[in-house]
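J.: Have a look; sequence and predicted model below, questions after that.
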Amino acid sequence: MPRITVTVDGVTYEEDVEPRLLLVHLLRERLGKTGTPVGCDTSNCGACTVLLDGKSVKSCSVLAAQADGCDVVTIEGLGANGSMHPMQRAFHEEHALQCGYCTPGMVMAAIDLLRDDPDPSEETIRQGLEGNLCRCTGYCNIVRAVRRGAQEMGQAVSPS
Amino acid sequence: MTTQEVGRPRRRKEDARLLTGRTQWTDNLTRPGVLHVMFLRSPMAHARIERVDVSAARGLPGVVAAFSGRDFAGEQGSLPCAWPVSEDIVIPDHPPMAVDEVRYVGEAVACVIATDRYRAADALDAIEVDYEPLPAVVDMNEALSPGSPKVHEAGNKAFSATITSGDLDAAFRDAPVVIDRTYVQQRLIPTAMEPRAVMADTDGESFTVWSSTQIPHVLRVMLAVVTGIPEHRIRVIAPDVGGGFGSKLQVTAEEVLCLLLARRLGRPVKWTESRSEGNLTVHHGRDQIQHIRLAADADGRIRGLQVSLLADMGAYLMLVTPGIPMLGASLFNSIYKMDAYEFNCTGVFTTKMPTDAYRGAGRPEATFGIERTMDELAAELDLDPIEVRRRNWIRHEEFPYTTIAGLTYDSGNYEAATDKALSLFGYDKLRAEQADRRDRRDPVQLGIGVSTYTEMCGLAPSRMLGEANYGAGGWEHASVRMLPTGKVEVITGTSPHGQGHVTSWSQIAADALGVPFEDITVLHGDTAVAHKGMDTYGSRSLVIGGVAVVKACDKVREKARKLAAHVLECSPDDLDFEAGAFKVRGTDQSRTIQELAYAAFTAHDLPDGVEARLDSDATFDPDNYSFPHGTHLCAVEVDTETGMVKIRSYVAVDDVGTVINPLIVEGQVHGGIAQGIAQALFEEAVYDADGNLLTTTMADYLLPSAADLPSFTLDRTETPATSNPLGAKGVGEAGTIASTPAVVNAIVDALRPHGIDDVRMPCTPERVWRALEGVRR
Amino acid sequence: MIPAQFDYERPSSLAEACEALAADDEAKVLAGGQSLLPLLRLRLAYPTTLVDVGRLEELQGVHDRGDHVFIGAMATHDEVMRSPAVTSGCPLVAMATSQVADPAIRHRGTFGGSLAHADPAGDLPAVVLALDGVLVARSAEGEREIPAAEFFVDYLESSLAQGEILAGVKIPKLGEGWGFHYEKFHRTAQSWATVGVAAAVHRSNGTITEARIGLTNMGPTPVRARATEESLRDVELGEQVRRACEQAADGTSPPSDLHAQPDYRRHLARVLTHRAVRTASGSP
């Protein structure tokens, strides 16, 4: 059984894993990180999206063994000091979630797409979120939220 | 001074935990020693089960038990159908795990119970089943033909029902115009983002079932009926539920079996479905063939409408399967006046997954049928589709209006909603562009689609449900508890799974009690907490459940008034209730409701006959449905070379009556439109001739992402409902009901100069291209 | 769903990886896993061992080598589409790669993995075929170069032998005067190409002198639109191009599936080839 070392939301774990263990199951069932849900088995829905070494990945399509030595950030690791990340706040302000099941993945994908384009157009946002499905919102408010989150993150990092 | 909460775009109380991953999805929950259940499912659409051997599975590491259907034959009962819609209905036995025969691909035939889901998955591979194949029955018309193989002993007809009103023969006799069309409502897979999950546990006497369900209350009753476990020994909890859209309005095989497995093993068990398992076994939606005939005068006035439906039930009748097409029975006439109406429906058994409620449930089908037909009427008479609707719809001064189908529409203003939509859409400008593109023979043609819909929400007046032979009432319940510190608990019988009831109910209670929005919590979805309820479906929650909250708050306020009068030594009639306080008229004497809650708690000085509690229970049962309506306009660009359809703009003006939270209403409409567009363009559950589902994954069953949809332009008109004191009409399904015909009408409008008058849904590029090829030849 | 059991090896060199593969007929290479893991989860594949080559240094990176760009097999789609060597040396590759799946999958999925998977519906095989790429395979016996035209053997089948691992791909650079376009037609953003057309077109004084056209999902392997290519030698932009593109589906045997029947795919190939060639040649 491979032994892996993986850092999740700032905590380092050493785990013996079955080779076939999916990263999302390591997170959910071994580490109790149930904030990251599973929505499909073909990597279409994106509900399980996390950041692996800073880049978005679908944690249902990564083996835990492949994440050995990596840094994972889940939706649970975004905020600091008990406050929400600006993107989480923007989703709240714009009513960009209803049932909330796609939300963790959607927020992670949204944060990822801003690495490329800190001030994305509606078109860029829609393309950037193509790997994340939502069944409740029709995406209108998600697009608005990502715009808002981008602006707030831009302000947060711009020099005073 | 408190501001009014109702009508404010309050940000949702639900969001924080959903946004930070502190969620309680059923699959997140666990119990000490929990075991994982997996089901072996039939790969055959129709077969006799000759042998099931689970012994090899039982011997595998981590496997605690394995069972076949036969092992539970004596106790698993039959999954319920609560809506026997007609006298002639046939309700076949529906064992949760098949015992002798399977009738659709995906039907459970055996299960394994293991220490974790990886071991359980391995054990499934070790179960042996011998099937004796029987012929599949996939097509409804074939199923009804005399020589068809039978799905059930009694035949393939599940039921038939007819509604007639007026003299149809007279309406069609010598009618200058008769439109005769057949439309197909394809089969859909609801696809809530959270796959279903169930956990069951027992202390040896009582049982707790956690389920990703829309209907914890109904489920509890039904689990008791099906299993014989006394109702008071069953507690059902719907934790965070990740969407439903009707798909979790069900009493499922997995719920029954998890409960029975917990009983048999004496241990907690959990089952979580995979998406591909869900595509096979979450009940499907729609699936109708609609034959529609409409007779009209030369000026476009409708004389009569005749509707004949075949509705695919699938292999069994589930909770409300036969009721779904019947929910459209009184809506094909929609907002239009006519002299005669006839509705016939035949429910048909096939060897496919049963159908049941999917967002709109019967009303999208009806709306599609009539709205497509209205466009055909307009084309036949060379009238603008808006104009032909104007000539037929109920004018605002005619409300309340009893329709040809017998429903009484209480309020509405179709003219106002349509005028607003036309102006937002830039209708005339788009028509001009369309003409220009036609003149230029632009390979990309523009189409404009109209849908002026109404629907019936607030399921439902119990008396009407009784007349329809539905197995339950349509009331809803709420309780309000003032806590000693002045905070408030609202307990609702609705069971939200994304609709934001916690926020909206807080707004309602804040206004009714004069307490801050933040001081209110809303409890739901646990039969031990919300002890009475009829749950969430059919856009009923606000219209019935929200009103129950109003009623419960009214009762608390009246109790508080008595107490205030006692404390303030005045007559209750001398008290004015304002901003959360009772004031003695003409004095500066007052008591806040929070102070009175504390007084009730201490009970040091209560008047005679007043109990030491400031709380209440209330139920609400309306006299009538509510009837939201609206006008949706869609512009599409159709690439006539490839058949690709692109939505260019979409405008929706909806009248959902009084709005509690405009943000939530807007969100419901957005999501509804997206699902309706998805039916028009993308989604279809496809079975092959042998009854195999070909769309088992999201790679095959296409759902739109953000990149596939435009932003929608929304507005509202507001004509309050008169059937409830809030004036609300319901909004959960309106977008889905309205949008599908708007999109298809737009596509057909783009192609009509080519001689095309229909494209079957989903209007894939290939279907559009084939329609064009057909007329080019 | 849950994959069946398998062993997992993560060798520290390409040579070790080749050994591990050669030792077990049922072993499979694990690259980014973006195609393989869904197959394993649906239990459509039961390998005994996964040999994880994702981190092998020898397979990383994108390198400008003068007359060609060498793309390491384990370069992710995300790396490839952003690589200056690719965007300047073989921009058609960058354009097509940026349309593979979605951003999260592009972070894990690899250039080599996509090609070795040999899915004719994938976007990259047709592109590499159109550009006459050369696939470099390594095994215990050494290195072998396989022209793209010989690499794709059948549906999901490449000419890689057991024990052989794709090390990278040489993409010849196109010189001056070449334009390019990848025209992908799919029903939703995340669905596979119903048909895709990769076109590179050389222009000179208002005429097309040469065209190279690869077709996605028009047969069990990616195919070249040879008849169209032949007809596009030294033709003027305009009607002649349109007629040449009418031959785009000649000799293809497109699949029938949920999204399209063969005749529709042939039609699409013709229309999309015309669009791709026009765009690649800078026609309005």
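T.: Arrived safely, thanks for sending.

J.: Next, count neighbours for residue C:45.
T.: 16 (other CB atoms under 10 Å in any protein chain shown). Where you see a C-beta, it was placed from the backbone N, CA and C, and this is true even at glycine.

J.: So which bits of the stretch 51-200 of chain C are right by chain B?
T.: Residues of the stretch 51-200 of chain C lying close to chain B by CB under 8 Å from any CB of the partner chain are C:185, C:187, C:188, C:189, C:190, C:191, C:192, C:194.

J.: Now do residue B:134, the pLDDT please.
T.: Note on residue B:134: pLDDT of 98.

J.: ok, now which ones touch the residue of the stretch 1-150 of chain C found nearest chain A?
T.: The nearest approach of the stretch 1-150 of chain C to chain A comes at residue C:102, 2.7 Å away (CB to the nearest CB). Each residue near residue C:102 by CB atoms under 8 Å, 6 or more residues apart in numbering or on different chains is listed here: A:46, A:130, A:131, A:132, C:189, C:190.

J.: one more time with 10 Å, if that's ok
T.: Shown in contact with residue C:102 (CB atoms under 10 Å, 6 or more residues apart in numbering or on different chains): A:43-44, A:46, A:49, A:56, A:58, A:109, A:127-132, B:705, B:707, C:109, C:189-190.

J.: Whether the strand or helix carrying residue A:88 contacts chain C - can you check?
T.: Element membership for residue A:88 (DSSP states H and E) is helix A:86-93. No - if you take CB under 10 Å from any CB of the partner chain as the test, helix A:86-93 misses chain C, and the best it gets is 15.4 Å.

J.: Taking helix A:86-93 as reference, get the angle to the helix or strand just after that helix.
T.: Where DSSP H and E defines the elements, the next helix or strand beyond helix A:86-93 is helix A:103-116. With axes from the mean of the first three to the mean of the last three CA atoms, to 10 degrees defining the directions, helix A:103-116 sits at 130 degrees from helix A:86-93.

J.: following helix A:103-116, which helix or strand shows up next?
T.: Toward the C-terminus, helix A:103-116 is succeeded by helix A:122-128 as the next helix or strand (DSSP H and E).

J.: chain center to that following helix: distance?
T.: On the basis of CA atoms, centre = their mean, to the nearest Å, helix A:122-128 sits 17 Å off its chain's mean C-alpha point.

J.: Which elements pack onto it?
T.: Contacts defined by 3 or more CB pairs under 10 Å, 6 or more residues apart in numbering or on different chains; DSSP states H and E place helix A:122-128 against helix A:103-116, helix A:140-157.

J.: Skip the chain neighbours and tell me the closest residue to the residue in chain A that chain C sits nearest to.
T.: Among the residues of chain A, residue A:131 lies closest to chain C, at 2.7 Å counting by CB to the nearest CB. Closest residue in space to residue A:131, ignoring its immediate chain neighbours: residue C:102 at 2.7 Å, by CB to CB, 6 or more residues apart in numbering or on different chains.

J.: Would you mind measuring from the closest residue to residue C:55 other than its chain neighbours to residue C:29?
T.: Nearest residue to residue C:55, sequence neighbours excluded (CB to CB, 6+ apart): residue C:10, at 7.0 Å. Using CB to CB, to the nearest Å, residue C:10 is found at 12 Å from residue C:29.

J.: any residues in contact with both of these two?
T.: Residues touching both residue C:10 and residue C:29 (CB under 10 Å, 6+ apart) are C:17, C:20, C:50, C:51, C:52, C:53, C:54.

J.: hang on, isn't residue B:541 packed against residue B:495?
T.: Yes - contact criterion CB atoms under 10 Å: residue B:541 and residue B:495 qualify, at 8.4 Å.

J.: Would you mind grabbing the residues shared as contacts by these two?
T.: The contact sets of residue B:541 and residue B:495 overlap at B:501, B:524, B:534, B:535 (CB under 10 Å, 6+ apart).

J.: my guess is the second one contacts residue B:491, does it?
T.: Yes - the pair residue B:524 and residue B:491 qualifies as a contact (CB under 10 Å) at a distance of 7.2 Å.

J.: where do the contact lists of those two overlap?
T.: Common contact partners of residue B:524 and residue B:491 (CB under 10 Å, 6+ apart): B:478, B:505, B:530, B:533.

J.: Now do the same for the last one: helix, strand or coil?
T.: Spelled out, it's residue B:533. coil (DSSP: H, G, I helix; E, B strand; the rest coil).

J.: Report the separation between it and residue B:164.
T.: Look at residue B:533 and residue B:164: by CB to CB, they are 37 Å apart.

J.: Who has more neighbours out of those two?
T.: More crowded of residue B:533 and residue B:164, by other CB under 10 Å: residue B:533, with 26 against 13.

J.: And for the spatially closest residue to the more buried one that is not a sequence neighbour, the neighbour number?
T.: Excluding its sequence neighbours, the residue lying closest to residue B:533 (CB to CB, 6+ apart) is residue B:493, at 2.1 Å. The local packing of residue B:493 (other CB under 10 Å) involves 26 other residues.

J.: Same question for the one 3 residues further on.
T.: For residue B:496, the tally of surrounding residues (other CB under 10 Å) stands at 27.
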